[in-house]
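>>> no sequence for this one, just the structure:
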């Protein structure tokens, strides 16, 4: 769920190095046509029967709703609002208008609260449902049909094909998790996401309200939780702590959000995380923690030792919090976390050990299971159900609990086969804080690339689940943990358009062979609607990636430079220019590798078959200086690690750039294609970043280097990959890059007085045996108590300084 010790093992070892990710990441051929039905519907309905003819809806058309049916009237108002926002077509609600061209009606024969039927004839459109949510989802399907074009034809209205749709969801839990605990999100941004969720029939907003870095839920009985626990300082990068940041939601604000979401068929499920991730809680009320310690509210990411105390006072506290939580959130499920609680404090507490003996409990994991069971029973007495992360399986799963499986799928398999309900939310598959591509302008996040296609092809019915118990799979959700999501822009960028793929998987019936190009064709109008609603929608799936056909050295010597272009998505066409101007749909279409004069700037973007831009323009510069420059996005991991994170300059930075690909276990980056045969000098731009990571039991994996200057060094060496393979373990203990050719070494400046970004320049030694395409490593040897260092840019100079 977060940058945690358990997940840090994934960062260190599961993810292959960025070079491997780049090598294995599939990019599409340049041009594709729409291959699925032309109906612009996403998610795809359970049943569609197309007829002949069409219905035309003009501006000012009435929507008839049964008199006195408040739910139908609300669904009609949503239809009016979303249609007008998408293409300007103005509709109006007319209660009791039985002959209106658009009508809502109740049909008790339609089974399922979310099921609906949409019937379109030349005479009108009728949305039928037995339940409130079915009326809303029928309205959203008609909205998509009415707004396939960006603008309503003036005076002619909008045409909708004759058809009958009978629809209901595959799963009842179709969700997204938002984490305002690490970085607080303004309430307005949450409302905006709710508005976008309903358009693709997502129905669950999981709200992660507490963690080490912040307590966001107002508890009137315990005001210190938000007065103290709602605020923290930024982590230190050498100049002292950053500014104070945070916030919380009042109960009245949350009640209003719950009502707003409910009107759109969306349930808000709150999460209070216990017994771990409790640092903000213990900072607010140290008597509820262990061993008498009072930490500050956390400003680092990962796993930390502070646990909730399960004595009678602590258990009473949680029951009191749950009372207020249930008053605000009427959801059937209440999420109580249970994840990543390292038990060291309980192991060292005489009080907890005595409590375990009295209860006959043999292990700390079983103690957590007992605690979860107690709260599950308490919630059940109030007509609610407990759900938690899959760690609650450890120590024995309480009969009252449901499981949200995040550490892969095994937790879901075990829980379902034991008769428990589950929600699939596995990392990395459905972790939307993962990067979507390797494009150099990706915002910060985890480097475990999860493309939209990977999300679309995810199957939430894991192998190993007994077919007779498959009904226990309630559904799936995408998670957006906010260690590297600071602003509403970044949150939207991570969620959209991949939430469209999650919606398709969660709603649409499973098919033997998925049609990803067809899905993209259907999703494109919805992407346009999201953008028209002011949303920042990622174009990573459609962004153009450039690859030179020559080595850097060959390109520097060539009279023409070859460039290929590709994008992930098998949909759309790449168009480009060579004059520095932004391309349009009428610019030359890319068909094969280009051959351009050195100094040419290739600018490219992708476009849908109708000429709509699918991506922003991106540039590839073939000037000598550009060819002699490497950036953080093109650097890879050194031989002994992998890059797991793409991080900002500061933990609370609101800008999307600069961003740095880093290995937090060993601060070393490599340039695998350095043009050393052409280089006489080197200039390295360096950034000093916060070391704000809680690694718990994985701290032993940190690589310590023996520093030979006061604050450590930057050691630049060539041929480090081959040298590392031949070096013996004793050499590696004290030599940053044993056996490699040292090109330059620079003492790092005092973090307390030096600027956060600085440069080093040196002439390179005359080593004729070093050729172009030699690997060069940039190893920092600063103490592990100091901030993290990263290379921002490397410029190889053809002249000595």
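Cool, the structure landed. All figures in this text were calculated on a predicted structure; none of them were measured in a lab.
>>> for residue 525, which three-state class applies?
With DSSP: H, G, I helix; E, B strand; the rest coil as the basis, residue 525 sits in helix.
>>> give the contact list for the residue nearest to it when sequence neighbours are not counted.
Closest residue in space to residue 525, ignoring its immediate chain neighbours: residue 40 at 4.3 Å, by C-beta to C-beta, 6 or more residues apart in numbering. The way it works is simple: take the backbone N, C-alpha and C, and place the C-beta from them, glycine included. By C-beta atoms under 8 Å, 6 or more residues apart in numbering, residue 40 lies in contact with 144, 145, 148, 522, 524, 525, 526.
>>> is it correct that the first one is in contact with residue 525?
Yes. Residue 144 lies in contact with residue 525 (C-beta atoms under 8 Å); the separation is 7.0 Å.
>>> any weak-confidence spans in the stretch 101-250 of the chain?
For the stretch 101-250 of the chain, the stretches with pLDDT under 70 are 153-155.
>>> quick one: distance of stretch 166-180 to the chain centre.
16 Å (C-alpha atoms, centre = their mean, to the nearest Å).
>>> start and end of it, how far apart?
Stretch 166-180 stretches 37 Å from its first residue to its last (C-alpha to C-alpha, to the nearest Å).
>>> any idea of the pLDDT on residue 731?
For residue 731, the pLDDT comes out at 66.
>>> ok, residue 18 next?
Reported pLDDT for residue 18: 36.
>>> swap in residue 15?
34.
>>> could you do residue 35 as well?
Residue 35 carries a pLDDT score of 33 in this model.
>>> again with residue 723
pLDDT, residue 723: 83.
>>> with residue 657 instead?
So residue 657 comes in at 92 (pLDDT).
>>> which SS class is it?
Assignment for residue 657 (three-state DSSP): coil.
>>> residue 115 contacts residue 128, correct?
No. Residue 115 is beyond contact range of residue 128, at 9.5 Å (criterion: C-beta under 8 Å).
>>> neighbours of the nearest residue to residue 674 once chain neighbours are set aside, just the number please.
Nearest residue to residue 674 in three dimensions, chain neighbours excluded: residue 776, at 4.2 Å (C-beta to C-beta, 6+ apart). Other residues within reach of residue 776, judged by other C-beta atoms under 10 Å, total 30.
>>> picking that back up, would you confirm that the residue nearest to residue 525 belongs to a helix?
No. Assessed by three-state DSSP, residue 40 does not belong to a helix; its assignment is coil.
>>> which parts of the stretch 651-800 of the chain are strands?
659-662, 668-675, 681-689, 693-695, 713-718, 741-747, 757-763, 772-780, 788-797 (DSSP state E, counting those that start in this stretch).
>>> return the most buried member of these.
Comparing those by mean neighbour count (mean count of other C-beta atoms under 10 Å), strand 659-662 comes out on top with a mean of 26.
>>> show me what that one is packed up against.
strand 645-648, strand 681-689, strand 788-797 (3 or more C-beta pairs under 8 Å, 6 or more residues apart in numbering; DSSP states H and E).
>>> tell me which of the ones you listed lies nearest to residue 509.
strand 645-648 (36.4 Å; C-beta to C-beta).
>>> quick one: strands adjacent to that closest one?
strand 445-446 (antiparallel), strand 659-662 (antiparallel) (DSSP bridges).
>>> for residue 82, which three-state class applies?
Residue 82 - assigned by three-state DSSP - is helix.
>>> that one reaches residue 143, doesn't it?
Yes. Shown here, residue 82 and residue 143 form a contact pair, counting by C-beta under 8 Å, at 4.8 Å.
>>> list residues touching both of these two?
residue 199.
>>> hey, where'd the helices end up in the stretch 451-600 of the chain?
452-456, 488-495, 498-507, 516-532, 552-557 (DSSP state H, counting those that start in this stretch).
>>> any chance of the ones you listed in CSV, plus mean neighbour count, distance to residue 416 and mean pLDDT?
Shown next, in CSV, are these (neighbours: other C-beta atoms under 10 Å; distance: least, C-beta to C-beta, whole Å; pLDDT from 0 to 100):
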stretch, mean neighbour count, distance to residue 416, mean pLDDT
helix 452-456, 22, 22, 98
helix 488-495, 22, 27, 97
helix 498-507, 26, 17, 98
helix 516-532, 22, 28, 96
helix 552-557, 18, 52, 95
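>>> possible to save those as CSV with distance to residue 757?
What follows is the helices of the stretch 451-600 of the chain, written out as CSV (distance: least, C-beta to C-beta, whole Å):
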stretch, distance to residue 757
helix 452-456, 33
helix 488-495, 21
helix 498-507, 32
helix 516-532, 33
helix 552-557, 25
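>>> just to revisit the earlier point, among the strands paired with strand 645-648, which comes closest to residue 205?
That would be strand 445-446 among the strands paired with strand 645-648, by C-beta to C-beta, at 20.8 Å.
>>> just give me how far that closest one sits from the chain centre.
8 Å.
>>> look at the residue lying closest to residue 751 once chain neighbours are set aside and give its secondary structure.
Leaving aside its chain neighbours, residue 751 sits nearest to residue 238 (3.0 Å; criterion: C-beta to C-beta, 6+ apart). Secondary structure for residue 238, judged by three-state DSSP, is coil.
>>> before we move on, the earlier item: mind checking how far the residue nearest to residue 525 is from residue 527?
11 Å (C-beta to C-beta, to the nearest Å).
>>> ditto for residue 94
32 Å.
>>> touching, residue 93 and residue 75? I think so.
No. Using C-beta under 8 Å, residue 93 is not in contact with residue 75, being 9.7 Å away.
>>> list residues touching both of these two?
residue 65.
>>> more neighbours: which of those two?
residue 75 (30 against 20).
>>> and the more buried one, its phi and psi?
phi -60, psi -40 (degrees, to the nearest 10).
>>> is the residue nearest to it when sequence neighbours are not counted in a helix, a strand, or coil?
Take residue 75 and drop its neighbours on the chain: the residue closest to it by C-beta to C-beta, 6+ apart is residue 135, 4.0 Å away. Following three-state DSSP, the label given to residue 135 is helix.
>>> list the contacts for residue 135?
71, 72, 75, 104, 116, 127, 129.
>>> need those in TSV with secondary structure and distance to residue 571, can you?
Shown next, in TSV, are these (DSSP: H, G, I helix; E, B strand; the rest coil; distance: C-beta to C-beta, whole Å):
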residue	secondary structure	distance to residue 571
71	helix	37
72	helix	37
75	helix	32
104	strand	34
116	strand	29
127	strand	30
129	strand	33
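>>> quick one: buried residues of stretch 287-297?
288, 289, 290, 295, 297 (16 or more other C-beta atoms under 10 Å).
>>> contacting residues around the second one?
Looking back up the chat, that one is residue 289. Contacts for residue 289 (C-beta under 8 Å, 6+ apart) come out as 278, 281, 282, 306, 307, 308, 309, 345.
>>> including distance to residue 559, could those residues go into CSV?
Converted to CSV, those look like this (distance: C-beta to C-beta, whole Å):
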residue, distance to residue 559
278, 65
281, 66
282, 67
306, 64
307, 67
308, 69
309, 73
345, 68
